[in-house]
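Novice: coords please:
(2 chains)
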Amino acid sequence: MLFRANFVTGMIIQFGWICAYLLLIHILFLHTNNIVGWSKRDMFLLGGIWLAVSDLLEATVATALLKIPEYVRYGTLDHILTRPVDSQFIISFWRFDFMRSLMLLADLGIIAYALSIESVSLNLTMVVAPLLIINGAVIGYAMSIALQSLAFWFVKVDNLWALFNGILDVAKYPLDIFGKVVKLITLTAVPLALMIMLPAQALLGRASWLLIGYSFCVSAVFLFLSRRFYQFAVRRYSSVA
Amino acid sequence: MKKYWTIFKIALANTAAYRAHAVIWVLFDILLLGAMPFILLNIYDQQGAIGSLTREQIISYYFTMVIFTNLVWMRGEYEASREIRDGRVSNYLVMPFSYIVARFLHEVAWQIVRSAIFIIPFCIFLIFGHQFLITPSMQSILFSPLILLGSAIILFLIGYIVALTAFWIEENSASLALLYLISALVSGYYLPISLYPSWLLHVTRLLPWQYAVFEPIQMLTSKSYPVAVLLLQQLCWIGLLYIVYRIVWHFGVKKYSAIGR
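Specialist: I've put the predicted structure just below:
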């Protein structure tokens, strides 16, 4: 809140991006009534969940993880490694973005609006949907920290966050448009379908319990692997002091 | 001229040190547009048409947009804003060359490095996907360097004018974010403007992005196109934007103060 005008303007810009995305969906549906079986309502819901996962990541860990390349390049990681707290914890959670946490409310509003457009029959998978959104953010965190850890090898890469955002950006559309091979990749190696599409399908009553269980297993595996990779990367670090 | 050539060589050498940086931006730009062509093709397959676009036009449009983003679309506004905010622009004010020209040369150097990296995915797509692309007319091919230069100048001037708000607003990241939002929407970056509803088309016609991005891409993905008209439109916008830049720069430099530099 140091720059209050910037905070308020930032909120307005974020609302602007949300409106722009919804406008693009609206324009697409001037020319069709479904995209690979996803209706306009479904697309709004998918967009709302994509925004919720993105804002959850931005509010909690993204701003902090951005700094890893800077720590490596300027040798300031020493101050973190020498503390009696796990360095990954400090690096990941030292900064909380209040504005993006407020945007979460807008994202939930979009999800609620999307669900209100057409009736959805109540089902048990809806109960799990909030957990799946959080699970999606957990997978996103694991992917993000693994990517940012590449800074220990490629030192001048301040924009690794752009690569993650670019990958996540693809997930705001139904991944069925890409065909079976890409769909398989988004369920395994780069689990975008589990991060964004699965919570939407859960809310629409189209998700299987097997896939829901699988997604929690994937997040546990990704967290474990990203942790090991981060620890492996830190061993490469040499201070400049 | 020699001093500008020296500036360009230094900028190219500095930029080449950020090769990994450039690879990530190239991948980012490809990913950002990765889904939209598939969506439009899906709609095309369902409906048999989407607007007046054919399958080849859809593929050519996004292929050309990715080339455009890597070759032409300069984004030097962050660096310019930082230089003003940090007071580093003071160094340029006392030097015997124009700051805007120096910044433009920096961006040209950056685009050259990016283009060199982009050559690989570009060639891969040309080899495997050339049958889906539309060959533009000979007139369009001949005039394309001039049109693309006009596009680069327009986009650079827009970004630069917004960057100059740093003279008044200490933290102007919101201004830059607003620029990206507007440019993404009205340039045809995500969707061809021809698919927009009529009320939005009226808005895009009044703004420079259509003539810097969408119309040049239309020129390069059409069998025939009124190139001379586009050239004239671009010249008008360059003139107008240059006048705006001069006014903003004049008042900005008067407002500017830097301590210890």
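
Novice: what does the stretch 151-261 of chain B put close to chain A?
Specialist: B:169-171, B:173-175, B:177-178, B:181, B:184-185, B:190-191, B:195-197, B:200 (Cβ under 8 Å from any Cβ of the partner chain). Where you see a C-beta, it was placed from the backbone N, CA and C, and this is true even at glycine.

Novice: Where helices are concerned, which of those residues count?
Specialist: Among those, the ones falling in helices (DSSP state H) are B:173-175, B:177-178, B:181, B:184-185, B:200.

Novice: Name the member of those residues with the most neighbours.
Specialist: residue B:185 (25 neighbours; other Cβ atoms under 10 Å in any protein chain shown).

Novice: how about the nearest residue to that one, chain neighbours excluded?
Specialist: Closest residue in space to residue B:185, ignoring its immediate chain neighbours: residue A:20 at 5.2 Å, by Cβ to Cβ, 6 or more residues apart in numbering or on different chains.

Novice: hang on, the one you found packs against residue B:183?
Specialist: No: using Cβ atoms under 8 Å, residue A:20 is not in contact with residue B:183; the gap is 10.9 Å.

Novice: quick one, which of the two is more surrounded?
Specialist: residue B:183 (21 against 15).

Novice: if I look at the closest residue to the more buried one other than its chain neighbours, how far off is chain A?
Specialist: Distance criterion Cβ to Cβ, 6+ apart; nearest residue to residue B:183, sequence neighbours excluded, is residue B:209 at 5.6 Å. Using Cβ to the nearest Cβ, to the nearest Å, residue B:209 is found at 14 Å from chain A.

Novice: Now for residue 36: which residues touch it?
Specialist: All of this is about chain A. A:174, A:176-177, B:42 (Cβ atoms under 8 Å, 6 or more residues apart in numbering or on different chains).

Novice: Not quite, go with chain B.
Specialist: Here residue B:36 is in contact with A:173, B:62, B:190-191 (Cβ under 8 Å, 6+ apart).

Novice: Redo those residues as a markdown table? Include pLDDT.
Specialist: Listed next are the contacts of residue B:36 as a markdown table, based on pLDDT from 0 to 100:
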| residue | pLDDT |
| --- | --- |
| A:173 | 92 |
| B:62 | 92 |
| B:190 | 91 |
| B:191 | 93 |
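
Novice: which residues touch the residue of the stretch 151-261 of chain B found nearest chain A?
Specialist: Per Cβ to the nearest Cβ, residue B:174 is where the stretch 151-261 of chain B lies closest to chain A, at 3.6 Å. Contacts for residue B:174 (Cβ under 8 Å, 6+ apart) come out as A:6, A:9-10, A:12-13.

Novice: now do 6 Å
Specialist: With contact set as Cβ atoms under 6 Å, 6 or more residues apart in numbering or on different chains, residue B:174 has these partners: A:6, A:9-10, A:13.

Novice: now do residue B:220
Specialist: B:64, B:136.

Novice: Apply 10 Å and report the result again.
Specialist: B:60-61, B:63-65, B:67-68, B:133-137, B:140-141, B:144, B:147-148 (Cβ atoms under 10 Å, 6 or more residues apart in numbering or on different chains).

Novice: And stretch B:60-76, what's buried?
Specialist: Within stretch B:60-76, the residues scored as buried using 16 or more other Cβ atoms under 10 Å in any protein chain shown are B:60-76.

Novice: Return it as CSV; C-alpha atoms alone will do.
Specialist: Taking Å, rounded to 0.1, in the frame of the first residue of the first chain, the C-alpha atoms of stretch B:60-76 are listed here in CSV:
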residue,chain,number,x,y,z
SER,B,60,-1.6,-17.7,-41.8
TYR,B,61,-2.9,-15.0,-39.5
TYR,B,62,-1.5,-16.5,-36.3
PHE,B,63,1.7,-17.6,-38.0
THR,B,64,2.3,-14.1,-39.2
MET,B,65,1.2,-12.7,-35.8
VAL,B,66,4.0,-14.8,-34.1
ILE,B,67,6.5,-13.5,-36.6
PHE,B,68,5.3,-10.0,-36.1
THR,B,69,5.6,-10.3,-32.3
ASN,B,70,9.2,-11.5,-32.5
LEU,B,71,10.3,-9.3,-35.4
VAL,B,72,8.5,-6.0,-35.1
TRP,B,73,6.6,-5.5,-31.8
MET,B,74,9.0,-3.6,-29.5
ARG,B,75,8.4,-3.4,-25.8
GLY,B,76,11.0,-1.0,-24.5
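
Novice: how about that stretch, does it reach chain A?
Specialist: No: for stretch B:60-76 and chain A, the contact criterion (Cβ under 10 Å from any Cβ of the partner chain) is not met; the two come no nearer than 11.4 Å.

Novice: before we move on, back to that, skipping adjacent residues, who's closest to the residue of the stretch 151-261 of chain B closest to chain A in space?
Specialist: residue A:9 (3.6 Å).

Novice: Ok, residue B:133 next?
Specialist: Leaving aside its sequence neighbours, residue B:133 sits nearest to residue B:60 (Cβ to Cβ, 6+ apart; 4.9 Å).

Novice: contacting residues around the one you found?
Specialist: With Cβ under 10 Å, 6+ apart, residue B:60 has these contacts: B:37, B:53-54, B:129, B:132-136, B:217, B:220-222.

Novice: Could you pull out the strands in chain A for me?
Specialist: For chain A, no strands are identified by DSSP state E.

Novice: pLDDT weak spots in it?
Specialist: Applying pLDDT under 70 to chain A flags the ranges A:1-3, A:240-241.

Novice: ok, 90 please
Specialist: A:1-14, A:17, A:62-85, A:90, A:94-103, A:117-124, A:126, A:151-167, A:179-180, A:236-241 (pLDDT under 90).

Novice: Same question for chain B.
Specialist: Short version for chain B, where the test is pLDDT under 90: B:1-35, B:46-54, B:66-80, B:82-99, B:101-103, B:105-106, B:109-139, B:168-178, B:222-225, B:253-261.

Novice: that older thread, wait, the residue nearest to residue B:185 sits on residue B:181?
Specialist: Yes: here residue A:20 reaches residue B:181: they are 6.1 Å apart, a contact under Cβ atoms under 10 Å.

Novice: touching chain B at all, stretch A:102-112?
Specialist: No: if you take Cβ under 10 Å from any Cβ as the test, stretch A:102-112 misses chain B, and the best it gets is 13.2 Å.

Novice: which residues are contacting that stretch?
Specialist: A:7, A:10-11, A:14-15, A:17-18, A:21-22, A:44-56, A:58-59, A:97, A:100, A:129-130, A:133, A:199-200, A:203.

Novice: 7 Å instead?
Specialist: Applying Cβ atoms under 7 Å, 6 or more residues apart in numbering or on different chains, the contact partners of stretch A:102-112 are A:11, A:14-15, A:18, A:44-45, A:47-49, A:51-52, A:55-56, A:59.

Novice: Tell me how many other residues surround the residue nearest to residue B:174.
Specialist: Residue A:9: 19 neighbours (other Cβ under 10 Å).

Novice: next one: the one 5 residues further on
Specialist: Using other Cβ under 10 Å, the number of residues around residue A:14 comes to 22.

Novice: ok now do it, which residues does it touch?
Specialist: residue A:103.

Novice: and if you look at the one 10 residues further on?
Specialist: Taking Cβ under 7 Å, 6+ apart, we find residue A:24 in contact with B:190-191.

Novice: secondary structure class for the residue positioned nearest the centre of chain B?
Specialist: In chain B, the centroid-proximal residue (Cα atoms, centre = their mean) is residue B:73; its distance is 2.1 Å. Here residue B:73 is coil, with the state taken from DSSP: H, G, I helix; E, B strand; the rest coil.

Novice: Once you drop chain neighbours, what's closest to it?
Specialist: Closest to residue B:73 by Cβ to Cβ, 6+ apart is residue B:155, at 5.6 Å.
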